[in-house]
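In: For reference, the sequence and a predicted model appear below.
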Amino acid sequence: MALLLGLWAMAQPLFAEPRINEFLAVNNRGLADGDEEATDWIEIYNPGSKAVSLGGWSLTDDTESPDKWLFPNVTLGPRKYLVVFASGKDRTEGNQLHTNFKLNGDGEYLALVQPDGSTAASDFAPEYPDQRENISFGVGAGGKLQFFDKPTPGRGNGSGFGGFVQDTKFEPNRGFFDAPFHVTITVATPGAEIRYTLDGSKPTAANGKVYAGPIAIDTTTTLRAAAFKSGLRASNIDTHTYLFAEEIIRQPAKPAGFPTSWNGHPADYEMDPEVVNDRNYKGRVAGALKAIPSLSLVLNRDDFFKTGQGIYPKGENIEKATSVELIYPDTTDSIQADGSVQIVGGSSTGRWKVDKLSMRLKFTSRFGDSSFRHPLFGEHAMNQFDTLVVDARLNQVWSYGGGSGPSDQRRR
C-alpha cells in the first residue's frame with residue numbers, strides 16, 4: 001500500500017483556486033442530506049483571498065465527460081468550504097447541491113474542472129484509491145493526500161494517515177478437517193508484520209504471536225490474524241475456524257481454562273455422551289455434523305463465559321463483539337462477518353427451562369460489518385441482514401421440564 005501512495009496524483013497547480021479538499025465515497029452513518037440519507041459527498045475549498053463564482057465550473061468522474069455536472073451560479077467566499085452531495089439526484093437549486101453521479105468506493109477518476117470545460121483545477125488521476133466505510137480522503141498537512149477517520153465536511157481537515165495495510169490471506173480457508181495440516185498466512189503489503197491468536201482474542205500490535213511461518217493445526221482451532229505497519233492503518237482482523245468433527249463430539253464437559261459455572265449454574269460444554277455413545281447413533285454423529293452448515297462465533301473467552309462480564313452468565317442486555325462464520329460442509333460457500341452477540345429469550349434467560357439459551361446477532365458499523373450478506377434462505381430470498389436470531393427453540397425441546405405431560409409434548 002505504501003508503494004501505491006506515490007501513484008495517486010492530484011493536480012493542484014497553485015493552491016490559489018478552488019480545489020477538491022475532501023470527499024467521502026462510502027457513507028452509511030455520517031453527514032445526511034435533506035432527504036435524511038447518508039450519501040457520498042465532495043467538499044470544495046477556496047484557499048484564495050478572493051471570492052470565486054463557480055458558475056460554469058463542473059465536477060466529473062469521467063475523463064471523457066469533463067463537464068458531466070455543472071455548478072449553478074454560486075459564489076464560494078475566500079477560505080470557505082462548499083459541500084456537494086454525490087448522490088446521483090442531480091439538484092442545482094435550493095440549499096443543497098447534488099451531482100448526477102455517485103462515487104465509486106473501489107476507486108475512480110474525480111475532478112473539479114474550470115469553466116473552459118477542459119482544464120482540471122484539481123483531479124485524482126488516474127483514480128483515487130479504494131475507499132473504506134465512513135473514512136474520508138483528501139488533502140492533508142503539506143498538501144499530502146491522506147485518509148481521515150474523522151471526516152470534516154465544511155471544515156478544515158484534521159490529522160490523517162497514509163493508507164491501509166492490505167488484508168491477510170489464509171491457506172487453507174475455514175472448514176472441516178480430518179487430519180493435521182498447516183495454515184499459511186500472507187499479506188501483500190511489504191514490511192507488514194502479521195500477528196495471530198488462538199484463544200479468540202483480537203490480535204493487536206501488542207497482543208498475539210508474531211507470525212514466523214506455517215501454523216500447525218491438529219485440533220479444532222479458531223485462528224485470528226491482522227497485519228500491522230508503522231504509518232499505515234492496520235488491516236482488519238480475519239478469522240478462520242478449523243473444525244474436527246470427531247473431536248467436537250468428544251469435547252469434555254469441563255475443558256481446561258473455561259469457567260465451571262455460569263452465574264451459579266453448573267457449566268456444561270460437552271455433547272451428551274448418552275447420545276454420542278448410544279449404539280444407535282455411535283459412529284454417525286460426526287458425519288451428521290458435517291452434513292449441515294455450522295455457525296462459529298469467535299470472541300474473547302471472558303466476554304462469553306466469565307462471571308460478571310460474559311454474555312452467558314449475565315443473560316440479556318449486554319452485547320459483545322464477535323466474529324460470525326457460517327461454514328458449509330464443502331466450504332465453497334462459507335462466509336465470515338464481524339458483528340455483535342447478545343443473549344435473548346425473555347424469562348427463559350433465567351434458565352428455569354434449560355441452560356441452552358438463544359442469541360441475537362447484530363451487524364452495525366460499530367462492531368464491523370453493517371450487514372450479513374448471504375442468501376441464507378435461498379437464492380431468491382432476502383440476502384442481506386442486520387439482525388439474526390440463533391433460536392434455541394426452548395419451547396419445542398424434550399429437555400424442557402415444564403409441561404412435560406404427553407399432551408404437552410405432542411403439541412410441541
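Out: It's in. Numbering: from 1, shown residues only.

In: CA only for contacts and neighbour counts going forward, please
Out: Fine.

In: just the strands in the stretch 301-412 of the chain please.
Out: Assigned by DSSP state E, counting those that start in this stretch, the strands in the stretch 301-412 of the chain fall at 319-327, 335-344, 358-362, 372-373, 384-385, 387-390.

In: for these, which one sits closest to L198?
Out: Within the strands of the stretch 301-412 of the chain, the stretch nearest L198 is strand 319-327; the backing value is 13.4 Å (CA to CA).

In: Tabulate the strands of the stretch 301-412 of the chain (a markdown table), appending mean neighbour count and mean pLDDT.
Out: Converted to a markdown table, the strands of the stretch 301-412 of the chain look like this (neighbours: other CA atoms under 10 Å; pLDDT from 0 to 100):
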| stretch | mean neighbour count | mean pLDDT |
| --- | --- | --- |
| strand 319-327 | 22 | 95 |
| strand 335-344 | 23 | 93 |
| strand 358-362 | 21 | 92 |
| strand 372-373 | 19 | 92 |
| strand 384-385 | 14 | 93 |
| strand 387-390 | 14 | 93 |
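
In: Now distance to N100 too, for those, in CSV please.
Out: Formatted as CSV, the strands of the stretch 301-412 of the chain follow (distance: least, CA to CA, whole Å):
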stretch, distance to N100
strand 319-327, 38
strand 335-344, 33
strand 358-362, 34
strand 372-373, 28
strand 384-385, 27
strand 387-390, 33
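
In: of those strands, which approaches E127 most closely?
Out: Closest approach to E127 among those is made by strand 372-373 (27.7 Å; CA to CA).

In: Against which helices or strands is that closest one packed?
Out: Judged by 3 or more CA pairs under 8 Å, 6 or more residues apart in numbering; DSSP states H and E, strand 372-373 is in contact with strand 384-385.

In: roughly how far out does the strand it packs on sit from the chain middle?
Out: Relative to the centre of its chain, strand 384-385 is centred 13 Å away, using CA atoms, centre = their mean, to the nearest Å.

In: Could you do stretch 294-303 as well?
Out: For stretch 294-303, the separation from the chain centroid amounts to 16 Å (computed by CA atoms, centre = their mean).

In: got a list of contacts for it?
Out: By CA atoms under 8 Å, 6 or more residues apart in numbering, the residues outside stretch 294-303 that reach it are 199-202, 222, 239, 241, 258, 309-311, 320-328.

In: From the domain annotation, what segments belong to each domain of the chain?
Out: The chain breaks down by automatic domain parsing into domains covering 4-148, 168-243, 309-412.

In: would a markdown table of these with distance to D303 be doable?
Out: A markdown table is the format used below for these (distance: least, CA to CA, whole Å):
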| stretch | distance to D303 |
| --- | --- |
| domain 4-148 | 27 |
| domain 168-243 | 10 |
| domain 309-412 | 4 |
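
In: closest to I249 out of these?
Out: domain 168-243 (11.0 Å).

In: next one: the closest one to chain centre, how far?
Out: With CA atoms, centre = their mean as the basis, domain 168-243 stands 17 Å off its chain's centre.

In: got the end-to-end distance for it?
Out: Start to finish, the residues bounding domain 168-243 are 20 Å apart (CA to CA, to the nearest Å).

In: All the strands of the stretch 101-250 of the chain, residue numbers only.
Out: Going by DSSP E, counting those that start in this stretch, the stretch 101-250 of the chain shows strands at 110-113, 120-125, 136-139, 145-148, 168-171, 175-176, 181-187, 193-197, 209-210, 215-217, 221-228, 238-243.

In: Tell me the strands beside the last one, with direction?
Out: According to DSSP bridges, strand 238-243 forms sheet pairs with strand 175-176 (parallel), strand 221-228 (antiparallel).

In: any idea of the angle that strand forms with strand 193-197?
Out: Put simply, strand 238-243 runs at 40 degrees to strand 193-197, going by axes from the mean of the first three to the mean of the last three CA atoms, to 10 degrees.

In: what about strand 238-243, average pLDDT?
Out: Averaged over strand 238-243, pLDDT sits at 97.

In: what do you get for stretch 123-134?
Out: What stretch 123-134 shows for mean pLDDT is 93.

In: Okay, buried residues for it please.
Out: By 16 or more other CA atoms under 10 Å, the buried positions in stretch 123-134 come out as D123, F124, A125, E127, Y128, P129, Q131, R132, E133, N134.

In: Same question for stretch 81-98.
Out: Neighbour-count burial for stretch 81-98 [16+ other CA under 10 Å]: Y81, L82, V83, V84, F85, A86, S87, R91, T92, L97, H98.

In: Could you point out which of the residues you listed is nearest to Q251?
Out: Distance to Q251 across these (CA to CA) is lowest for S87, with 53.1 Å.

In: I figured K229 hits A188, correct?
Out: No. Taking CA atoms under 8 Å as the definition, K229 is not a contact partner of A188, at 11.8 Å.

In: Same drill for these two, tell me which one is more crowded.
Out: Comparing K229 with A188 by other CA atoms under 10 Å, the one with more neighbours is K229, at 18 against 13.

In: Tell me the spacing between that one and I194.
Out: Taken as CA to CA, the span from K229 to I194 is 9 Å.

In: got the phi/psi numbers for A288?
Out: phi -70, psi -40 (degrees, to the nearest 10).

In: burial measure for it, as a count.
Out: The burial count for A288: 11, using other CA under 10 Å.

In: how close does it get to E316?
Out: A288 is 32 Å from E316, by CA to CA.

In: before we move on, what about D302?
Out: For D302, the distance to E316 - CA to CA - is 16 Å.

In: Equivalent analysis for S118, please.
Out: Taking CA to CA, one finds S118 at 61 Å from E316.

In: More neighbours: which of the two?
Out: E316 (18 against 15).

In: and the residue nearest to the more buried one when sequence neighbours are not counted, what does it touch?
Out: Of all residues not flanking E316 in the chain, I343 sits nearest, at 5.0 Å (CA to CA, 6 or more residues apart in numbering). Applying CA under 8 Å, 6+ apart to I343 gives the contacts I311, Y312, G315, E316, N317, I318, E319, T349, L357, S358, M359, R360.
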